[in-house]
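> need a structure here:
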Amino acid sequence: MVSDKSVLITGIARNVARVIPKEIERIEKEFEKIFRSISFLVIESDSTDNTLELLKKIKQNKQNFNYISLGKVEHTLPDRIERLAFCRNSYVKEIRNNDIYNNVDFVAVVDFDIKNNRLNLRELDVMINNFNNEWKAIFANQTGLYFDIYALRKDGWVENDCFTEYEALSKSMKRQEAKEIAIWSKMKRIKKDSPLITVDSAFGGLGIYRRNVFIYFDYTLIPGRRHESEHVSLHKKIRDSNGLLLIVPKMTNFAWGTHNLSRFKFIRVLDQASNRKGFRKIRDLARKLLS
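Numbering: from 1, shown residues only. Below you'll find the model as predicted:
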């Protein structure tokens, strides 16, 4: 069922030439099933492949597509999280200040560097039209293991920054053991028929926000918590204003990718051995079969 709502699909991009044309096509096809009006805004920076050329080509062929290139940001912002926050705030500024986005109802923030080959938005229609609670943002699930432990905050699951925990544990045990405890062990499968999951933060490569979230809040990092994900900074501001954030188990984007495949030791072994040509082929085949 197509609603009478509109959506801006946005996100940041770097060296995505290999996947961006197909992902734009795939994402648009799924969102067209839910929204009457769709527009794209891609924020690019620091690409060393032909991402920019492809973005220009897509814009020439799609009236609802736009992009902004920030150029070389890495030199002035070498800290990765500060750089991500800066790039994401670029689309926040456009939402606030560009009149063409004044009538947008929802903003979908997506990762353009993953293959959204399990994208299923049917539950989004339910969340828009039949869900009584005034949620501020909802996030995708993966049909494989839920991977985004860095952006996740949920009591009893992930309560603190996983990499801070990892570094602390590494002082008293092997780094692989520390990573197993702090990160890999927390990647778990969420069954699609599970109830909605209230969180303090999440992302998982796809978040649907009400537009007014970005009128009031942005990704500026919170002082004293600058090592944390930029998503955590945004979501803490939303939660502090009593905004409801949910993982929607039936709303999925993919099954397996680089992060959750690394949960399995045999994949890590293949990755470590992949500098040899034969092992690289075996690794790539294993990843392809799993994804």
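> what is the burial count for Leu145?
Per other CB atoms under 10 Å, the neighbour tally for Leu145 reads 20. For glycine as for every other residue, the C-beta is placed from the backbone atoms N, C-alpha and C.
> how close does it get to Lys250?
Going from Leu145 to Lys250 by CB to CB, to the nearest Å gives 17 Å.
> using the three-state scheme, assign Thr22.
Careful, residue 22 is Lys; it's not Thr. helix (DSSP: H, G, I helix; E, B strand; the rest coil).
> what of Arg83?
helix.
> skipping its backbone neighbours, what lies nearest it in space?
Excluding the flanking residues, the one nearest Arg83 by CB to CB, 6 or more residues apart in numbering is Leu77, at 4.1 Å.
> am I right that the one you found is in contact with Gly71?
No: using CB atoms under 8 Å, Leu77 makes no contact with Gly71, being 11.7 Å away.
> which one's more surrounded, these two?
Between Leu77 and Gly71, counted using other CB under 10 Å, the more crowded position is Leu77 (17 against 12).
> the residue nearest to Arg83 sits in which helix or strand?
Assessed by DSSP states H and E, Leu77 sits outside every helix and strand.
> for Phe112, see how far away it is.
Remark: distance between Leu77 and Phe112 (CB to CB) = 20 Å.
> with Glu165 instead?
Here Glu165 is placed at a distance of 29 Å from Phe112 (CB to CB).
> ok, these two, which is more surrounded?
Using other CB under 10 Å, the more surrounded residue of Glu165 and Phe112 is Phe112, with 23 against 19.
> surely that one and Ala13 touch.
Yes: between Phe112 and Ala13 there is a contact under CB under 8 Å: 4.8 Å.
> which neighbours do those two have in common?
Common contacts of Phe112 and Ala13 (CB atoms under 8 Å, 6 or more residues apart in numbering): Ile20, Val42.
> before we move on, what SS does Thr10 have?
With three-state DSSP as the basis, Thr10 sits in strand.
> across the sheet, point out what pairs with it.
Judged by DSSP bridges, the bridge partners of Thr10 are Leu41, Val109.
> where along the stretch 101-250 of the chain do the strands fall?
All strands of the stretch 101-250 of the chain, identified by DSSP state E, counting those that start in this stretch, fall at 106-110, 135-141, 197-198, 206-210, 244-252.
> would you reformat those as a markdown table and include mean neighbour count, distance to Arg96 and mean pLDDT?
Putting the strands of the stretch 101-250 of the chain into a markdown table (neighbours: other CB atoms under 10 Å; distance: least, CB to CB, whole Å; pLDDT from 0 to 100) gives the following:
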| stretch | mean neighbour count | distance to Arg96 | mean pLDDT |
| --- | --- | --- | --- |
| strand 106-110 | 23 | 11 | 98 |
| strand 135-141 | 25 | 16 | 97 |
| strand 197-198 | 16 | 28 | 97 |
| strand 206-210 | 24 | 13 | 97 |
| strand 244-252 | 22 | 21 | 97 |
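> now tabulate the ones you listed in CSV and tack on distance to Val42.
CSV is the format used below for the strands of the stretch 101-250 of the chain (distance: least, CB to CB, whole Å):
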stretch, distance to Val42
strand 106-110, 10
strand 135-141, 19
strand 197-198, 29
strand 206-210, 15
strand 244-252, 22
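> how about those, which one is nearest Trp157?
Among these, the nearest to Trp157 by CB to CB is strand 197-198 (8.9 Å).
> in contact with the residue most central in space within the chain, which residues?
Centroid-nearest residue in the chain, with CA atoms, centre = their mean: Gly205, separated by 2.3 Å. Residues in contact with Gly205, defined by CB under 8 Å, 6+ apart, are Val110, Asp111, Ile114, Asn116, Ala140, Gln142, Asp148, Asn253, Phe254.
> for Ile114, same thing?
Contacts of Ile114 (CB under 8 Å, 6+ apart): Val19, Glu23, Gly205, Asn253, Phe254, Gly257.
> which one of these is nearest Ser37?
For these, the closest approach to Ser37 (CB to CB) belongs to Glu23, at 19.8 Å.
> what about the closest one, neighbour count?
Residues lying near Glu23 (other CB under 10 Å) number 22.
> ok, for it, nearest residue in space, not its chain neighbours?
In space, and not counting its chain neighbours, Glu23 is closest to Phe112: 5.5 Å by CB to CB, 6+ apart.
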